[in-house]
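1. My questions concern the predicted model and sequence given below.
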Amino acid sequence: MLDLYKLQIFSVVVQEGSFSAAAERLYMTQSAVSQHMKELEASLGRPFFERGWRGVRLTPHGEILNRYATEIFELVAKAESALIDIEHLSGGRISIGATPGIGVYLVPDWVQHFRYRYPQLTVALQTGVTAQIVGDVLGRRLDIGFIEGELNDHPKPRLSALVLEEIEQQVVVGFKHPFWEHDRVGIDDLREQSLIVREPNSQSRTWLEGVLHEHRIEPVIGAEFDNLESMKRAVSIGRCLAVLPPYVVQTEVEQGLLHMIPVEDKPFTRSLKLIWDSQTHFSPITRAFLVELSGRYSALKAILA
């Protein structure tokens, strides 16, 4: 009879491409993973892997087993969704990842809204750069992720993404800046303006400089910071400007500490995205979190139907 525990280990090996990577993800020794796979092959009388120095590849019989394993675990997930009553769970946990701006300024509100409905459930948040969130989602260390970064540099066959909202980033200035009284600016107005930016090689910095270069603008860097709070503080008391999402500066704008200025033709638009592993199925708790979030982002309803 097919051992479902061994089948789950088999699926992780397939996803990770090696016994060592699967062992790390499963918190097992590599020898234990290898032994389970030998026993699985022996029980069914078929070889499922071709071992090589760069990892493992599926044999034709392994491909067949992988197709059935995918269907089996999909049915398990559907059974859980159909039978588990989230309202009456005594406890449970969802792990989500987010890039820094989203994690600091958006997720806390989402979490409080979710826990108002499900106070017995826990939401664990991890913040990181886009590459880290992508890796942890595909490594099943996170259930889902939320990013504002571009995915062009992270092409992964198993990675699914859904745009939740297009966010128009705007110019932000303090009261000492000449733009303080402006209601709108053009991108050419940013020539020779000193900018407060993220650290070199960060995705936000690369994206911003890319947009400016497309308009033949060489950015003048006034200061570099590795966090948004420092950027806002520097802008509020100085003569440099920054380009930031509205949700990052909403409080300071309401307090009169910062002024947010739309840019003509909206050149600084980025997408807020949900990302997940297409080879996994949302757990009942993850699905409940996304259902609650769909009240804010209607695009989610397409994947929850």
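-> That came through, no problem. This structure is a prediction, so every number in the text was calculated from the model and none was measured. Numbering: from 1, shown residues only.

2. which residues in the chain form strands?
-> Using DSSP state E, the strands of the chain run over residues 49-52, 55-58, 92-98, 121-127, 144-147, 159-168, 170-173, 194-198, 220-225, 242-244, 259-261, 269-277.

3. Show me what the fourth one is packed up against.
-> This points to strand 121-127. strand 92-98, helix 100-105, helix 107-117, helix 284-293 (3 or more CB pairs under 8 Å, 6 or more residues apart in numbering; DSSP states H and E). (Glycine included, C-beta is placed from N, CA and C.)

4. can you tell which of the strands of the chain is closest to Phe73?
-> Of all the strands of the chain, it is strand 269-277 that lies closest to Phe73, at 12.0 Å by CB to CB.

5. Neighbouring strands - and their directions - for that closest one?
-> Taking DSSP bridges as the criterion, strand 269-277 forms sheet pairs with strand 144-147 (antiparallel), strand 159-168 (antiparallel).

6. can you tell which of those strands is closest to Lys232?
-> Comparing the strands paired with strand 269-277 under CB to CB, the one sitting nearest is strand 159-168, at 16.8 Å.

7. How about residues contacting that closest one?
-> Residues from elsewhere that reach strand 159-168 (CB atoms under 8 Å, 6 or more residues apart in numbering): 134, 137-138, 146, 148, 151, 245-247, 262, 266, 268-278, 297, 299-300, 302-303.

8. That one relative to helix 284-293, how many degrees between them?
-> 20 degrees (axes from the mean of the first three to the mean of the last three CA atoms, to 10 degrees).

9. Could you list the buried residues of strand 159-168?
-> Residues of strand 159-168 classed as buried by neighbour count (16 or more other CB atoms under 10 Å): 159, 161-162, 164, 167.

10. Now render those as CSV, adding distance to Asp226.
-> Converted to CSV, the buried residues of strand 159-168 look like this (distance: CB to CB, whole Å):
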residue, distance to Asp226
Leu159, 26
Ala161, 26
Leu162, 29
Leu164, 26
Ile167, 21
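
11. What is the nearest of the residues you listed to Phe282?
-> For these, the residue nearest Phe282 by CB to CB is Leu162; the value is 12.2 Å.

12. Read off the pLDDT value for the spatially most central residue of the chain.
-> Closest residue to the average C-alpha location of the chain: Gly145 at 2.9 Å, with CA atoms, centre = their mean. pLDDT, Gly145: 97.

13. contacting residues for it?
-> Applying CB under 8 Å, 6+ apart to Gly145 gives the contacts 96-98, 133-134, 136-137, 274-276.

14. Could you find the closest non-adjacent residue to Glu199?
-> Asp226 (4.7 Å; CB to CB, 6 or more residues apart in numbering).

15. State the pLDDT value of the one you found.
-> Looking at Asp226, its pLDDT reads 90.

16. That one reaches Arg198, doesn't it?
-> Yes. Using CB atoms under 8 Å, Asp226 is in contact with Arg198, at 7.0 Å.

17. Between these two, which is the more surrounded one?
-> Neighbour count, other CB atoms under 10 Å: between Asp226 and Arg198, Arg198 has more, with 20 against 10.
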